[in-house]
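A.B. asks: Pasting the sequence and the predicted model now:
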Amino acid sequence: MNRRRLTRNRMGWASEQLSPLSELFIEYASRCCRDASSPALDLGAAYGAAALAALHAGCYVIANDLDAAHLAVLASRLDDTSRPRLSIRAGRFPREIAFDFASLGAVHASNVFHFLTGNQLDFGLRELARWLRPGAKLFVQAATPYQQPFAAFLPEYHRRLEAAMKWPGWITKLSAFSSHRQLSQMPRSIHLLDDNVLSAAARRAGFEIERVWLYRRPDLPAGLHLDGRESVGLIARRSHS
Ligand SMILES: C[S@@+](CC[C@H](N)C(=O)[O-])C[C@H]1O[C@@H](n2cnc3c(N)ncnc32)[C@H](O)[C@@H]1O
């Protein structure tokens, strides 16, 4: 199996190698999502590497993706012990899916938040805070501006940071900043996030930040390397109030 598989819808690559953030999600979910009443939601699950790992760890899992064909591949990879603990929920987060108040034991969103606009992120994080049980955790990994293909965007990014823009990493037309070969597999617009922007958004939605950090994920192709801050990870807890 390749470490990365191209998505069918120009939403980048799905990783078969779990990142440190996804490993922390699995470890948490294997303790907190072992009951049907407290499943883990994997947003943008694609072909299911993290969802399958959570199932193998004994969790109940809801796999979401906007492309139902990705989820069909995931379903074809299930073994008999995992199948009864997986639910599939196709649809575009946050508008096309919904869950009961306080019904989720954990949420994992790996490499999907950078496809959302600022408004979708604000609304989506508020929805996640409603759907999670009090005290339950959200695990996010997203792309930062500190990747080689976005190097030409960095001066503009720093100007926007100085101007205290709410969403400094939103790029309406990616091709205006980069013609990097890898970007042919990305959508026209992208929303690069960093530790401050992501944690501020999570706080506004009612999350308590447990950890937020920048890092290079092990499966990132060398052509995207810049300075070790290529990904942002966030672990946040739904407040008890
Ligand atoms: C780059 S892949 C990441 C897959 C996997 N989570 C990982 O970390 O390797 C992004 C996936 O998110 C899905 N996606 C993008 N925007 C989405 C949205 N708003 N709601 C649900 N899925 C979305 C895409 O279809 C694609 O399968």
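C.D. replies: That came through, no problem.

A.B. asks: give me every residue that touches whichever residue of the chain sits closest to the ligand.
C.D. replies: Taking CB to the nearest ligand atom as the measure, the point where the chain comes nearest the ligand is residue 44, at 2.8 Å. Just so you know, the C-beta spots here come from the backbone N, C-alpha and C atoms, and that holds for glycine as well. Residue 44 sits next to 11, 64, 65, 66, 93, 109, 110, 111, 112, 115 when contact means CB atoms under 8 Å, 6 or more residues apart in numbering.

A.B. asks: quick one: which of these is most hemmed in?
C.D. replies: Taking other CB atoms under 10 Å as the neighbour criterion, residue 65 ranks highest of the contacts of residue 44 with 31 neighbours.

A.B. asks: Please list which of the contacts of residue 44 also come close to the ligand.
C.D. replies: Contacts with the ligand within the contacts of residue 44, counted by CB under 6 Å from any ligand atom: 11, 64, 65, 66, 93, 110, 111, 112, 115.

A.B. asks: Which phi and psi values does the residue nearest to residue 99 when sequence neighbours are not counted adopt?
C.D. replies: Closest residue to residue 99 apart from its sequence neighbours, by CB to CB, 6 or more residues apart in numbering: residue 131 at 4.2 Å. Phi and psi for residue 131, reported as degrees, to the nearest 10, are phi -80, psi -30.

A.B. asks: Let me see the contact set for residue 131.
C.D. replies: 41, 98, 99, 100, 101, 102, 103, 104, 107.

A.B. asks: Quick one: which of those residues is the most crowded by neighbours?
C.D. replies: Greatest neighbour count in the contacts of residue 131, by other CB under 10 Å, goes to residue 41: 28 neighbours.

A.B. asks: which residues are contacting the helix or strand containing residue 161?
C.D. replies: Using DSSP states H and E, the element containing residue 161 is helix 154-162. Contact with helix 154-162 is made by 145, 146, 150, 168, 169, 177, 192, as judged by CB under 8 Å, 6+ apart.

A.B. asks: Same check on stretch 66-77?
C.D. replies: 7-9, 11, 14, 44-48, 51-52, 63-65, 86, 88, 90-93, 96.

A.B. asks: ok, of those residues, which come out buried?
C.D. replies: The neighbour-count criterion (16 or more other CB atoms under 10 Å) marks 7, 11, 14, 44-48, 51-52, 63-65, 86, 88, 90, 93 among the contacts of stretch 66-77 as buried.

A.B. asks: Would you mind naming what in the protein lies close to the ligand?
C.D. replies: 7, 9, 11-15, 43-46, 64-67, 70, 92-93, 110-112, 115-116.

A.B. asks: 5 Å - rerun?
C.D. replies: Contact residues (CB under 5 Å from any ligand atom) of the chain with the ligand: 7, 11-12, 14-15, 44, 46, 65-67, 70, 92-93, 110-112, 115.

A.B. asks: contacting residues for residue 94?
C.D. replies: 116, 120, 123, 124, 127, 128.

A.B. asks: give me that answer again for 7 Å
C.D. replies: Contact partners of residue 94, counting by CB atoms under 7 Å, 6 or more residues apart in numbering, are 120, 123, 124, 127.

A.B. asks: likewise residue 87?
C.D. replies: Here residue 87 is in contact with residue 62 (CB under 7 Å, 6+ apart).

A.B. asks: ok, back up a step: widest-spaced pair of the contacts of residue 44?
C.D. replies: 66 and 110 (14.7 Å; CB to CB).
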